[in-house]
Structures are given as structure tokens and as C-alpha cells.
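A.B. asks: structure for this input, please:
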Amino acid sequence: MLITTSRKPSQRTRTFCRGLERVLKFRCVNRGKMSLRDIFLKASEMRTNRVGVISEKDGNPNGMEVYDDGELFATLKLTVDFSLPKGRVKTDEICLRCEVGELEEIVSKIFEIPPETSDESNCNRLWIKTHRRKSTPVMEFFDMDGKPTGPRIHIYECKLQDEADESPKAS
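C.D. replies: Numbers count the residues shown, from 1 in each chain. This is a model prediction of the structure:
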């Protein structure tokens with residue numbers, strides 16, 4: 001997937017994009033004056049059909065629109081916690097552990113990460129669980145040693161476009 005931002009992103013939004021690039025099979029491209037059409041062309045040059053556009057509010061990342069072949073595929077409303085240490089995971093060896101049932105299939109489709117199987121105890125992991133205090137789903141990334149690598153993403157809404165009317169909000 002190719003990740004980009006709004007035209008004039010804040011430093012926090014650029015940091016978030018680089019963090020996603022570090023832990024997932026994403027490539028981050030500074031948008032500058034490129035239109036969305038130019039971004040889609042850049043993605044096809046890079047041999048990917050998925051584009052994620054990070055939006056922001058008051059200088060903080062607050063959402064992502066995911067496009068598949070130029071069509072809106074999914075939307076996420078989120079906040080990001082940058083307080084975790086920066087680490088790297090092997091993006092080819094990442095698996096998904098999801099404790100929030102309604103998000104497992106959606107997140108697996110959006111980020112193209114296979115669900116964890118019982119024999120993958122030592123894999124890099126994207127773990128989705130309910131936050132203790134906020135009661136919202138939170139995505140955390142862990143390396144093979146089980147150490148958090150950041151970023152930590154709080155999900156307020158996650159839906160596929162074709163299910164937009166029928167999908168419940170993640171809360």
C-alpha cells in the first residue's frame with residue numbers, strides 16, 4: 001500500500017506515516033502538490049493498487065481513507081499515541097491477533113495481514129484489543145520478542161465502503 005497525507009501535513013502526521021511504513025508493508029510518499037489522481041498513478045508505478053490518505057485535525061492524524069484501484073475502499077477514524085519506543089518489525093512476517101471480533105476481518109482486508117495461527121507464537125504482530133480505560137479498540141505493533149514498537153492507534157470507527165450502511169461503529 002502507498003501511504004500519503006493531505007497537501008500540507010503537520011510534523012505529527014508525517015511521523016505517523018513513517019511509523020506505518022516502519023511496521024507494515026507500506027511505502028510513504030510526500031504528497032506536496034500532487035493530486036489524488038497523481039498519487040494513484042504513483043501507486044501503479046510502484047505496482048500497488050492500494051492508497052491510504054491520512055487526514056488530520058488540529059495538526060494530529062485523525063483518519064485514513066483507503067482506496068483500491070482509485071475507488072474508496074475503507075475509512076478509519078483514529079487517534080495516535082506516539083509515546084511508545086520506535087522499533088522495526090519484519091513486515092513480511094507480520095500477523096494479526098484481534099480480540100475485537102467485528103474488526104478482525106475488516107482490518108485484515110484493509111492492511112492485507114493474515115490472521116495469527118496457533119503455531120505463530122514468535123511472529124511480528126499487529127494486536128487489536130480493547131483499551132482498558134477508554135473502552136475503544138487499540139492497534140499495537142510488537143516485534144518478534146514481544147516488545148511494543150509503536151505507533152499505538154486508537155480506532156473510533158472502521159468500515160469498508162461497501163458495508164458503510166450496515167457496519168457498526170467500533171466503540
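A.B. asks: let me know whether Pro148 touches Trp127 as I believe.
C.D. replies: No: judged on Cβ atoms under 8 Å, Pro148 makes no contact with Trp127 at a distance of 9.2 Å. Using the backbone N, CA and C atoms, a C-beta is placed for each residue, glycine as well.
A.B. asks: residues that sit against both of the two, list them.
C.D. replies: Glu140, Phe141, Phe142 (Cβ atoms under 8 Å, 6 or more residues apart in numbering).
A.B. asks: and the second one, backbone torsions?
C.D. replies: Geometry field for Phe141 lists phi and psi as phi -110, psi 140, criterion degrees, to the nearest 10.
A.B. asks: mind checking how far it is from Asp92?
C.D. replies: Separation of Phe141 from Asp92 (Cβ to Cβ, to the nearest Å) stands at 14 Å.
A.B. asks: repeat that for the last one.
C.D. replies: When Cβ to Cβ is applied, the distance between Phe142 and Asp92 equals 16 Å.
A.B. asks: so for those two, which residue has more residues nearby?
C.D. replies: Ranked by neighbour count (other Cβ atoms under 10 Å), Phe142 and Asp92 place Phe142 first, with 19 against 7.
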